[in-house]
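1. Fold the following and give me the result.
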Amino acid sequence: MKTIHLFRIYHSFLLKKWYLIIYLLFILAALVITLTTIQHVTEDDNHFNIGVVDKDQSSETKLILNSIGKGSNLGKNVSIKAYDDKQAHTLLKKHKLQGYFVFDKGMTKTFYKQGELPISVYTYDQQSMKSVVLSQLTDSVYQRLMRSMGGILAFQDLAPKASHSDSINVMTDLLITGLNRSGAFNLEPIHLYDTGSYYAITGFLTTVFIFALSLFTVLKMNQDTVLKARLKMFHFSKERLLIIRVLITWFYTMLWSIVGVVWIVFSIPNTFELYNWPTLAIHLSYYVTFLILWLLLIELLTTGLLNSISKVILAIVILVLSGLTIPTIFLQHIANGVFNIQPFAVVTNQLLEIILNNYILELHPSFYLSFIALLIINLAVLVWRYRQ
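-> Next up is the predicted model:
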């Protein structure tokens, strides 16, 4: 009954200061919405429109164009469309195409005679990131075409009496296999985080930290009033009030986390599948609970200036050394990579992988042991304070 009454006292204070909570939620929601909006803008800007001009007009080049299709086999956010030379040049000047490549006249004959594929690439500059990527993409297509066409030459040498229809069928199979990213070789793809998506997720985790710390501090504003109202339970009263603050902060922070992660999942492009919801929920709960346990331990062991310094250090660890502002890849060579394996960084990387790539990282046992150790330390300090 005493604990329930403490909950009522704290909630009555929150009701009196409801505008603080609304103000805090408004700021955090604005931050998350802004980050997701920026992500959509950068996503549109990263789309590649590529043209293809076929001056050769041979059956082989037509097969190549059919195998390329709309660019779905070449990469994400890539669209490829066939144009004539004049159309492609006009669209390039208007920046409606990032570039185009040309199958030069006589390309097929040159290949059969010399073993080379004359392909020309045109971009509106040579320095921009998109021009560099287009050149690399074209080189990738060129290498795959060379492999496929090399297979065709080998087939003609091994089966000199094959009919034209058989040669076309083999060529089609080789081109489709060669131009498909996962068809020719069973390679593990390398995933790169889109900058907008990365900071949308890490920005959300930042808002979780800010919300928890702010609510924890707001509730402390009423602690003296609550203590006066509970003089009869003098022994262990401060610790009981602290535990109530922790529980209330944890509950409302979890609510904000659930709302935020649902918004993130449905507002940014990702490959997340619903069957990974339990893993996502576990890591989000871990993040919030681990954060609250650290705030509890700081309150139990420190006061005054030392308390403030401890919270500043915690903020630096979470905001700077956990991948929220600086990706952890830049921290892996500092202090023997200790910042990459600390729990907050692990949760950040795990959430990025789950949401953006639908992939679950393997976790070291220390990830769970650190949580258990922190929980035991908090319980030990509470028991020690109770017996005093």
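
2. in the host helix or strand of Ile372, what counts as buried?
-> Per DSSP states H and E, Ile372 falls inside helix 365-387. Neighbour counts over helix 365-387 (16 or more other C-beta atoms under 10 Å) mark Phe367, Ser370, Leu374, Asn378, Leu382 as buried. C-betas here are computed from N, CA, C, even on glycine.

3. Enumerate every residue touching the second one.
-> Read it as Ser370. For Ser370, the contacting residues are Phe290, Pro343, by C-beta atoms under 8 Å, 6 or more residues apart in numbering.

4. my read: Pro269 touches Ser197, true?
-> Yes - the pair Pro269 and Ser197 passes the contact test of C-beta atoms under 8 Å, sitting 7.0 Å apart.

5. Could you count how many residues lie near the closest residue to Ile258 other than its chain neighbours?
-> Nearest non-adjacent residue to Ile258, counting by C-beta to C-beta, 6 or more residues apart in numbering: Leu284, 7.7 Å away. Using other C-beta atoms under 10 Å, Leu284 is surrounded by 22 other residues.

6. Distance check, Leu379 against Arg240.
-> Distance, Leu379 to Arg240, by C-beta to C-beta, to the nearest Å: 15 Å.

7. just Ser267 next, same as before
-> Counting by C-beta to C-beta, the gap from Ser267 to Arg240 is 41 Å.

8. One more: Phe103?
-> Taking C-beta to C-beta as the measure, Phe103 falls 78 Å from Arg240.

9. what pLDDT does Gln156 get?
-> If you check Gln156, the pLDDT there is 58.

10. ignore the last one, Phe330
-> Confidence at Phe330, expressed as pLDDT, is 77.

11. Would you mind giving the domain segments of the protein?
-> Domain assignment for the chain by automatic domain parsing gives 2-42+194-387, 48-179.

12. Check these for me: which has the lowest mean pLDDT.
-> Among those, domain 48-179 scores lowest, with a mean of 64.

13. Looks to me like Val262 is in a helix.
-> Yes - applying DSSP: H, G, I helix; E, B strand; the rest coil, one finds Val262 inside a helix.

14. Show me where the protein has its strands.
-> Using DSSP state E, the strands of the chain run over 48-54, 78-83, 99-103, 119-123.

15. Using PDB, write out every CA atom in stretch 327-337.
-> Coordinates of each C-alpha in stretch 327-337 appear next as PDB, following Å, rounded to 0.1, in the frame of the first residue of the first chain:
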ATOM      1  CA  PRO A 327      29.900   5.300 -36.400                       C
ATOM      2  CA  THR A 328      31.600   2.700 -34.300                       C
ATOM      3  CA  ILE A 329      33.800   1.700 -37.300                       C
ATOM      4  CA  PHE A 330      35.800   4.800 -36.600                       C
ATOM      5  CA  LEU A 331      36.400   3.700 -33.000                       C
ATOM      6  CA  GLN A 332      37.500   0.200 -33.600                       C
ATOM      7  CA  HIS A 333      41.200   1.000 -33.400                       C
ATOM      8  CA  ILE A 334      40.900   3.100 -30.200                       C
ATOM      9  CA  ALA A 335      41.700   1.400 -26.900                       C
ATOM     10  CA  ASN A 336      41.900  -2.000 -28.600                       C
ATOM     11  CA  GLY A 337      38.300  -1.700 -29.800                       C
END
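
16. Count the neighbours of the residue found closest to Tyr359 once you drop the neighbours it is linked to in the chain for me.
-> In space, and not counting its chain neighbours, Tyr359 is closest to Glu353: 4.6 Å by C-beta to C-beta, 6+ apart. Glu353 is flanked by 16 other residues according to other C-beta under 10 Å.

17. can I assume Glu353 is in contact with Leu363?
-> No - assessed by C-beta under 8 Å, Glu353 is found out of contact with Leu363, at 11.3 Å.

18. Trp294 versus Ser310, what's the distance?
-> For Ser310 relative to Trp294 (C-beta to C-beta), the value is 9 Å.

19. And those two? Which one has more around it.
-> Shown here are Ser310 and Trp294; by other C-beta under 10 Å, Trp294 has more neighbours (20 against 17).

20. quick one, what contacts the nearest residue to the more buried one once chain neighbours are set aside?
-> Leaving aside its sequence neighbours, Trp294 sits nearest to Leu314 (C-beta to C-beta, 6+ apart; 5.7 Å). Leu314 makes contact with Trp294, Leu295, Ile298, according to C-beta under 8 Å, 6+ apart.

21. got CSV for those residues, with distance to Ile244 too?
-> Formatted as CSV, the contacts of Leu314 follow (distance: C-beta to C-beta, whole Å):
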residue, distance to Ile244
Trp294, 18
Leu295, 14
Ile298, 17
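
22. Okay, and which of these map to helices?
-> Trp294, Leu295, Ile298 (DSSP state H).

23. Could you check how far the first one is from Tyr198?
-> Read it as Trp294. To Tyr198, Trp294 is 24 Å away according to C-beta to C-beta.

24. go on, the second one?
-> Taken as C-beta to C-beta, the spacing of Leu295 relative to Tyr198 amounts to 26 Å.

25. Report the separation between Leu92 and Asp85.
-> 11 Å.

26. More neighbours: these two, which one.
-> Leu92 (19 against 14).

27. Could you verify my assumption that that one touches Lys86?
-> No - the criterion here is C-beta under 8 Å, and Leu92 misses it with Lys86 at 10.8 Å.

28. Give the intersection of the neighbour lists for those two.
-> With contacts defined as C-beta under 8 Å, 6+ apart, no residue is shared by Leu92 and Lys86.
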